[in-house]
Structures are given as C-alpha cells and as structure tokens.
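**Q** fold the following, please.
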Amino acid sequence: KMNKKLYNMLKLSAEADKAKALLSLELLTKHAAGIGDHSTGDFYANAEEALRLLSSADGRIKTLEEYFFVKGII
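**A** Numbers count the residues shown, from 1 in each chain. Below is the predicted model:
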C-alpha cells in the first residue's frame, strides 16, 4: 500500500511539470519574439523538451491514478 503523502508528493510533482511544459509551449507559440537571440535550433530544442516534459508528466499522473488511486492502493 502506498503512503498517501508519497502519492500526493509524486502527483503534485508531475502536475507541476505539466504546468511548466504547457506554459513553455504557450510561450513558444504565442510569444516566440521573446526568444530574441536564440536560434531556430534553440526554439525547436525548447519545444521538443517541453513536449517530452508534458508527455512524461501526463504519463506519471495516469500511472499514479491507474495503479494507486483507482485500485485503492493508497
């Protein structure tokens, strides 16, 4: 059985990463001019990094919910 405090910490960490990723993607798409001196390569790398973070966070949240919350293991 997973400790509820551990579950909450892991879920909050994943939710924070998701929020960071979504904000990064929003800034990259709506405020790209703010990138300034960065190259196109930097822009693409930042977009890829944000997408990886978003995918990881979503996966972590779903895994926690599926394996620990829904099944009542916490």
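**Q** only C-alpha atoms from now on, for both contacts and neighbour counts.
**A** Noted.
**Q** where's the spatially most central residue of the chain, which helix or strand?
**A** Centroid-nearest residue in the chain: residue 18, 2.6 Å away (criterion: C-alpha atoms, centre = their mean). Element membership for residue 18, per DSSP states H and E: helix 4-30.
**Q** what is that helix packed up against?
**A** Packing partners of helix 4-30 (3 or more C-alpha pairs under 8 Å, 6 or more residues apart in numbering; DSSP states H and E): helix 40-64.
**Q** need the contact list for residue 44.
**A** By C-alpha atoms under 8 Å, 6 or more residues apart in numbering, residue 44 lies in contact with nothing.
**Q** so the residue nearest to the centre of the chain sits right up against residue 58, yeah?
**A** Yes: with contact defined as C-alpha atoms under 8 Å, residue 18 counts as touching residue 58 (6.9 Å).
**Q** picking up where we left off before, check the gap between the residue nearest to the centre of the chain and residue 1 for me.
**A** Taking C-alpha to C-alpha, to the nearest Å as the criterion, residue 18 is separated from residue 1 by 26 Å.
**Q** avg pLDDT for the helix holding residue 18?
**A** Helix 4-30 shows a mean pLDDT of 95 in the predicted model.
**Q** now do it against helix 40-64, angle only.
**A** Using axes from the mean of the first three to the mean of the last three C-alpha atoms, to 10 degrees, the inter-axis angle of helix 4-30 relative to helix 40-64 is 150 degrees.
**Q** what residues of helix 4-30 count as buried?
**A** Of the residues in helix 4-30, 7, 11, 14-15, 17-18, 20-22, 24-25, 28 count as buried by neighbour count, 16 or more other C-alpha atoms under 10 Å.
**Q** now do residue 72: how many residues are near it, please.
**A** The burial count assigned to residue 72 is 11, neighbours taken as other C-alpha atoms under 10 Å.
**Q** and if you look at residue 70?
**A** Neighbourhood size, residue 70 [other C-alpha under 10 Å]: 10.
**Q** measure it to residue 23 for me?
**A** Residue 70 is 29 Å from residue 23, by C-alpha to C-alpha.
**Q** check contacts around residue 61.
**A** Taking C-alpha under 8 Å, 6+ apart as the contact definition, residue 61 lies against 11, 14-15.
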